[in-house]
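Enquirer: make a model of this:
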Amino acid sequence: MARTLAHFMGLGFRVAHAVLTIRHTRGMPLSEVFEALSRAWRHMTKDRAFRPHWEGLGYAKGVEVTLGPNGWHPHIHLALVIPPERDPHALKEALWEAWSGAVLEVGWLPSDRAAYAYALVESDEDVHEVGRYIAKASSGWGVGAEVAGGARKDSKVGLSPFTLLAAAWWGYLENPESMASWFPERPDELDDPAPWLPGARRLAEGGPLILREFCRTASSTAKSLGVPPEEAAWRWIEFAEATKGRKALTTSRSLTLVFREKLAQVEAELRGRVPSEVVRLARHVYLYLLHRGRLAYLVHLAESLGSLRLACELMGLVEGVEYTLPLANAPPPGGVMAA
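Expert: Predicted structure coming up:
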């Protein structure tokens, strides 16, 4: 997505990022709020008064869902590609008026004006920040990922769907008996409420460290927001049922062809990528970087410098104590010829 937006910026188009939402309360089911959001979108894009502003625009629309103090909070992230001859600033007010009017037309209340966001992307760096890894979402990870991130994104003020799933799983790890109905070991253990993820116990015993740490952190966040593991479990199921069959990302025809081309490029690059350097971090260092949100920064430095070892040195890690290089990376011992 970032490459697609950068492509149009290179042709002289302007790119804007808007966030559209509706008013909601804690007791509202996600399916109802989601449906109202979808109906308002359809009404706005077909509105005759807004059509002159809408025609000629390219767009990518992604829906993000979080659970916060006021309940489910689905909202639209909209990347707009604006032709060079159009005034991107004039679109800001026109979009708000059209959206708030559409929300009222479908029988809901629009969110406060302060919740409406509209910002122009002023540089290529804003777009390409998408490449800075999901873990850096809280520090500005680019318009492309904001639009396309969806359920994978982190949230500063609420719980993302996968954070809910992780919090439920960690609750199972802490107290398997209390969560047994949600994590059955065998199909014949299925009972109401609708359980899920058979084989969770096997995953708990052999799951990778980064998954376990993510779940532990998710549980801590959920507890701070007053969401116990049982609620996290049924909230996850509510999310899965309410979003089943819905598109996470839609693009206009003008963006679709370029998007597919850029996607094919990325996939080809990933297929052809081979590891050129391996660094093994000590467990306590890995956990420290993970908990402090510095792991993604280490990878970012390695990408920028072209070396994991240089990145470790720049972060002050001690070779042989806090990180080691496998023999395959190291020069051969004296008197031994490299294969």
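Enquirer: domain ranges for this protein, per the record?
Expert: Split into domains by automatic domain parsing, the chain comes to 2-149+248-259, 161-240, 276-339.
Enquirer: so where's the protein uncertain?
Expert: In the prediction, the chain carries residues with pLDDT under 70 at positions 123-142, 145-146, 148-157, 184-210, 273-275, 293, 328-339.
Enquirer: name the residues of the helix or strand hosting T66 that come out as buried.
Expert: Taking DSSP states H and E as the criterion, T66 maps to strand 58-68. Of the residues in strand 58-68, G58, Y59, A60, K61, G62, V63, E64, V65, T66, L67 count as buried by neighbour count, 16 or more other CB atoms under 10 Å. All C-beta spots, glycine's among them, are computed from the backbone N, C-alpha and C.
Enquirer: list the residues that contact the fourth one.
Expert: If I follow you right, that is K61. Counting by CB atoms under 8 Å, 6 or more residues apart in numbering, K61 touches W41, I76, H77, L78, A79, V147, L249, T250, T251.
Enquirer: which among the residues you listed end up buried?
Expert: Among these, those classed as buried by 16+ other CB under 10 Å are W41, I76, H77, L78, A79, V147, T251.
Enquirer: got a list of what R23 touches?
Expert: Going by CB under 8 Å, 6+ apart, R23 touches W108, L109, P110, S111, D112.
Enquirer: please repeat the previous calculation with a cut-off of 6 Å.
Expert: L109, S111 (CB atoms under 6 Å, 6 or more residues apart in numbering).
Enquirer: and the strands in the protein?
Expert: Remark: strands assigned in the chain by DSSP state E are 14-20, 58-68, 71-82, 117-121, 249-251, 280-281, 323-324.
Enquirer: I'd like these as JSON lines, with distance to L290 appended.
Expert: Formatted as JSON lines, those follow (distance: least, CB to CB, whole Å):
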{"stretch": "strand 14-20", "distance to L290": "29"}
{"stretch": "strand 58-68", "distance to L290": "22"}
{"stretch": "strand 71-82", "distance to L290": "27"}
{"stretch": "strand 117-121", "distance to L290": "30"}
{"stretch": "strand 249-251", "distance to L290": "29"}
{"stretch": "strand 280-281", "distance to L290": "10"}
{"stretch": "strand 323-324", "distance to L290": "14"}
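Enquirer: among these, which comes closest to S224?
Expert: Closest to S224 of these is strand 58-68 (CB to CB; 12.3 Å).
Enquirer: report the angle between the axes of that closest one and strand 71-82?
Expert: If you take axes from the mean of the first three to the mean of the last three CA atoms, to 10 degrees, strand 58-68 sits at 160 degrees to strand 71-82.
Enquirer: relative to strand 14-20, how tilted is strand 58-68?
Expert: Computed with the same axes, to 10 degrees, the direction of strand 58-68 lies at 30 degrees from that of strand 14-20.
Enquirer: returning to what we had before: mind putting the buried residues of strand 58-68 into CSV with distance to V227?
Expert: Output for the buried residues of strand 58-68, formatted as CSV (distance: CB to CB, whole Å):
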residue, distance to V227
G58, 38
Y59, 34
A60, 31
K61, 28
G62, 24
V63, 21
E64, 18
V65, 15
T66, 12
L67, 7
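Enquirer: tell me the one of those residues nearest L255?
Expert: Distances from L255 to the buried residues of strand 58-68, taken by CB to CB, are shortest for G58, at 4.7 Å.
Enquirer: nearest residue to that closest one in space, please, no chain neighbours.
Expert: Counting by CB to CB, 6 or more residues apart in numbering, G58 lies nearest to V81, which is 3.5 Å off, once chain neighbours are set aside.
Enquirer: do the same with D112
Expert: Distances taken as CB to CB, 6+ apart place R23 nearest to D112, at 7.8 Å, with adjacent residues excluded.
Enquirer: now swap in S307 and tell me
Expert: Using CB to CB, 6+ apart and skipping residues adjacent in sequence, the residue nearest S307 is E277, 6.3 Å away.
Enquirer: against L310, how distant is the one you found?
Expert: According to CB to CB, to the nearest Å, E277 and L310 sit 10 Å apart.
Enquirer: go on, W99?
Expert: According to CB to CB, W99 and L310 sit 48 Å apart.
Enquirer: what's stretch 305-321 in contact with?
Expert: Residues outside stretch 305-321 that contact it (CB under 6 Å, 6+ apart) are E277, V279, L298, L301, A302, Y323.
Enquirer: what's the end-to-end length of that stretch?
Expert: Using CA to CA, to the nearest Å, the end-to-end distance of stretch 305-321 comes to 22 Å.
Enquirer: buried residues, that stretch. List them.
Expert: Neighbour count says stretch 305-321 has S307, L308, R309, A311, C312, L317 buried, by 16+ other CB under 10 Å.
Enquirer: likewise stretch 100-113?
Expert: Across stretch 100-113, burial judged by 16+ other CB under 10 Å covers S100, G101, A102, V103, V106, W108, P110, S111.
Enquirer: out of those, who's nearest Q265?
Expert: Looking across those and measuring by CB to CB, the closest to Q265 is A102, at 36.1 Å.
Enquirer: so that closest one sits against R42, correct?
Expert: No. Using CB atoms under 6 Å, A102 is not in contact with R42; the gap is 8.3 Å.
Enquirer: give me the beta-bridge partners of the residue nearest to G58?
Expert: V81 forms beta bridges with V15, G58, as assigned by DSSP bridges.
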